[in-house]
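S.K.: Structure for the following, please:
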Amino acid sequence: MDIALDKVCELIIRARAIDVKEGITDPASGSNPTDDGSIDALTASPDDATEEEVRDVIAGLNDDERADLIALVYIGRGDMEPEEWGAAVRLAREREDASSISTADWLIGIPNLADLLDEGLNAMGRSCV
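M.R.: Alright, predicted model coming up:
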């Protein structure tokens, strides 16, 4: 893998922060964070920087690192096996070249991105722990 383990782990943490967000369920609660147990921290809002932080991390990756990240998703969701790493990276590069959707948009659009990256790392014998 050309991507450093700490970069993948950072992205997993940030992706988990996105995964737990939900839409506004009580828009006019009028309560404060202490009274509501800070539950509004799990509500997605337009001024929430979490998704932008993930985009920044992905934008800071070079082509090889982005291809590795996509390959980890392929392996994590069972599309390919760890023994097929080279083929997974080639497929990831083809996806980047052929797709009109940016890698950041594609990755953020995956609802369980953090879990897939974690599974991909585990399958490759690596871990964030």
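S.K.: contacts, neighbours, all on C-alpha from now
M.R.: Fine.
S.K.: Show me how far the host helix or strand of L117 is from its chain's centre.
M.R.: Assessed by DSSP states H and E, L117 sits inside helix 113-123. Chain-centre distance of helix 113-123: 10 Å, with Cα atoms, centre = their mean, to the nearest Å.
S.K.: can you check stretch 94-107 too?
M.R.: Centre-to-centre, stretch 94-107 and its host chain are 14 Å apart (Cα atoms, centre = their mean).
S.K.: start to end distance for that stretch?
M.R.: 15 Å (Cα to Cα, to the nearest Å).
S.K.: now it: mean pLDDT?
M.R.: The average pLDDT within stretch 94-107 is 89.
S.K.: could you give me the average pLDDT of the helix holding L117?
M.R.: Helix 113-123 comes out at a mean pLDDT of 96.
S.K.: Ends of stretch 115-129, what's the gap?
M.R.: Using Cα to Cα, one end of stretch 115-129 lies 14 Å from the other.
S.K.: can you list contacts of that stretch?
M.R.: The contact list for stretch 115-129, computed with Cα atoms under 8 Å, 6 or more residues apart in numbering, reads 5-6, 8-9, 12, 69, 72-77, 81-82.
S.K.: quick one: buried residues of the helix or strand bottoming out on mean pLDDT in the chain?
M.R.: Using mean pLDDT, DSSP states H and E, the weakest-scoring helix or strand in the chain turns out to be helix 50-59, at a mean of 87. By neighbour count on 16 or more other Cα atoms under 10 Å, the buried set for helix 50-59 is 50-51, 54-55, 57-58.
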